[in-house]
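S.K.: Output the structure for:
(one chain, ligands or ions: 1)
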Amino acid sequence: METTKHSIGVDLGGTDIKAGLVSSEGDVSCRVVVPTDVETGGPKEVAARIAEAVRQVLVKAETQEGNSHQPEPTATLANSRQSPTVSDSHSCEIGVGLGSPGLIIAETGVVHFSPNFPGWTDIPLVTYVNTELSKLHTPKRVADINKQYKPVLRGMDNDVNAMTLGELHHGAGVGYKNLVALTLGTGVGGGVVIDGEVYHGSQNTAGELGHTVVEPNGRYCGCGNQGCLEAYAGAKNIVERIQEKIETGRSTILTAAMKDGAALTPRTIAEAAQAGDKLAIEIFAETGRYIGIALTSIAHILNPQIAIIGGGIAEAGESLLFEPIRTELSKRAMDIPAQMKIVKAHLGNDAGIVGAAMLAL
Ligand SMILES: [Zn+2]
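M.R.: Predicted coordinates:
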């Protein structure tokens, strides 16, 4: 059995399953999106939809063959498929990696718990997915690719750990061995790399950087604690914080937009800040300050070379968000830990797929 230089990364989310073909250089092609549809079926149905996403990636790899605009990875896949050394009787294994939200037991391929999948407890998802992959049916026109390319799920980890791995090998973390990553989205996720390996802790719960306490008697967090970073820097928390200030009578250009029915989001707040709105600038400065406080503790505990910050909210950019983070770190940290670089993630929307694909290697 031969093995390709490609792998398939699958990013399992509460709403969508995103997948793509990833080259050993970290280039993504043949992206597909399949609805997770977690309401209409249990873990085995979700496993079947993950297998369907993998099948669609392989179909895309096949149907895009010969397209001159096709990036190198697919061309290589097509070439190896046509290679005289690979006969129809051969099967060529292609590794699949899966990133899933929640507490994942990477060694055993089990989802212990996931807030996105209510009722899932200790689900052997890797086994379920491999069962579905082994009975994968492809349309007739790609039957040959199915015969030759046998997808096998080789690894699963927490989605943020996967993204961290992606940034380490193909993103902002290239060249570093000790780093932390923060993803600022609905929640605040974290990942830790020590000596080039993602650190899982004694029971797979390491890296919950979003639950670093930054305000002892502060806002309540979804985890039950008070004053976690996530309770300040999560998307809905940023919106709540500005709403509270608007309710106290603070003026902002956002008030007019809200009267027109526009929803407040971190993006609209960032746009207002870029237009010079004082309250919006203040909210981002405060968010950056809280991230800087959390990173000060993290820098003192782990002494990483670099902190990589990604997710939608990181799009607010250098002056609105990253400068306040750096200012806070340099104000608070001891001289050596304060040398930690703070940079934006490089992989953007592909981080989940690239990172998941790394789990297959
Ligand atoms: Zn928390």
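S.K.: How many residues are close by Ser134?
M.R.: A total of 11 residues lie near Ser134 under the criterion other C-beta atoms under 10 Å. Quick note: C-beta positions are derived from backbone N, CA and C, even for glycine.
S.K.: Name all residues that make contact with it.
M.R.: The contact partners of Ser134, by C-beta atoms under 8 Å, 6 or more residues apart in numbering, come to none.
S.K.: Could you break the protein into its assigned domains?
M.R.: 2-158, 172-345 (automatic domain parsing).
S.K.: for the record, mean pLDDT for the longest helix belonging to the chain?
M.R.: Counting by DSSP state H, the longest helix found in the chain is helix 278-302. For helix 278-302, mean pLDDT is 98.
S.K.: can you confirm Ile94 is in a strand?
M.R.: Yes - per DSSP: H, G, I helix; E, B strand; the rest coil, Ile94 lies within a strand segment.
S.K.: Please name the residues that touch Glu167.
M.R.: Gly173, Leu179, Ala181, Ile308, Gly310, Ala345, His346, Leu347, Ala351, Gly355 are the contacts of Glu167 under C-beta under 8 Å, 6+ apart.
S.K.: at 7 Å instead, please
M.R.: Gly173, Ala181, Ile308, Ala345, His346, Leu347, Ala351 (C-beta atoms under 7 Å, 6 or more residues apart in numbering).
S.K.: List just the nearest of those to the ion.
M.R.: Using C-beta to the ion, Ala181 is the member of those that sits closest to the ion, with 17.7 Å.
S.K.: Next one, pLDDT for the closest one please.
M.R.: 98.
S.K.: need the residues of this structure near the ion, please.
M.R.: His211, Cys221, Cys223, Asn225, Cys228 (C-beta under 5 Å from the ion).
S.K.: For the ion, what is the nearest residue in the stretch 1-150 of the chain?
M.R.: For the stretch 1-150 of the chain, C-beta to the ion, closest residue to the ion: Pro115, 11.9 Å.
S.K.: can you pull out the helices in the stretch 51-200 of the chain?
M.R.: 72-82, 125-134, 143-148, 159-170 (DSSP state H, counting those that start in this stretch).
S.K.: what sits against Tyr128?
M.R.: Pro43, Lys44, Ala47.
S.K.: What ranges does the stretch 251-361 of the chain have for its helices?
M.R.: 254-259, 266-274, 278-302, 323-332, 351-358.
S.K.: okay, those in a markdown table with mean neighbour count and distance to Met156 next?
M.R.: Output for the helices of the stretch 251-361 of the chain, formatted as a markdown table (neighbours: other C-beta atoms under 10 Å; distance: least, C-beta to C-beta, whole Å):
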| stretch | mean neighbour count | distance to Met156 |
| --- | --- | --- |
| helix 254-259 | 14 | 41 |
| helix 266-274 | 21 | 30 |
| helix 278-302 | 21 | 25 |
| helix 323-332 | 18 | 31 |
| helix 351-358 | 30 | 8 |
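S.K.: Save those helices as TSV, and put in distance to Thr131 too.
M.R.: Output for these, formatted as TSV (distance: least, C-beta to C-beta, whole Å):
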stretch	distance to Thr131
helix 254-259	50
helix 266-274	40
helix 278-302	39
helix 323-332	45
helix 351-358	19
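S.K.: which residues are contacting the longest helix of the chain?
M.R.: 180, 192, 209, 212, 214, 229, 232-233, 238, 241-242, 245, 250, 252, 254, 269-270, 272-273, 307, 316, 320-321, 324-325, 327-329, 332-334, 337-338, 340.
S.K.: Kindly report the same for stretch 215-227.
M.R.: Against stretch 215-227 from outside (C-beta under 7 Å, 6+ apart): His211, Val213, Val214, Cys228, Glu230, Ala231, Tyr232, Asn237.
S.K.: In helices, which of those residues appear?
M.R.: Glu230, Ala231, Tyr232, Asn237.
S.K.: which one of those residues sits closest to the ion?
M.R.: Nearest to the ion among the ones in helices among the contacts of stretch 215-227, with distances taken as C-beta to the ion, is Glu230, at 5.2 Å.
S.K.: one step back: what is the most widely separated pair among the contacts of stretch 215-227?
M.R.: Within the contacts of stretch 215-227, two members stand farthest from each other by C-beta to C-beta: Val213 and Asn237, at 14.4 Å.
S.K.: Tell me how far the closest residue to Lys245 other than its chain neighbours lies from Met163.
M.R.: Ranked by C-beta to C-beta, 6 or more residues apart in numbering and with sequence neighbours excluded, the top spatial neighbour of Lys245 is Leu279, at 6.1 Å. Per C-beta to C-beta, to the nearest Å, Leu279 is found 31 Å from Met163.
S.K.: cool, and Asn130?
M.R.: When Asn130 is compared with Met163 (using C-beta to C-beta), they lie 23 Å apart.
S.K.: And those two? Which one has more around it.
M.R.: Remark: of Asn130 and Met163, Met163 carries more neighbours, 31 against 18, as counted by other C-beta under 10 Å.
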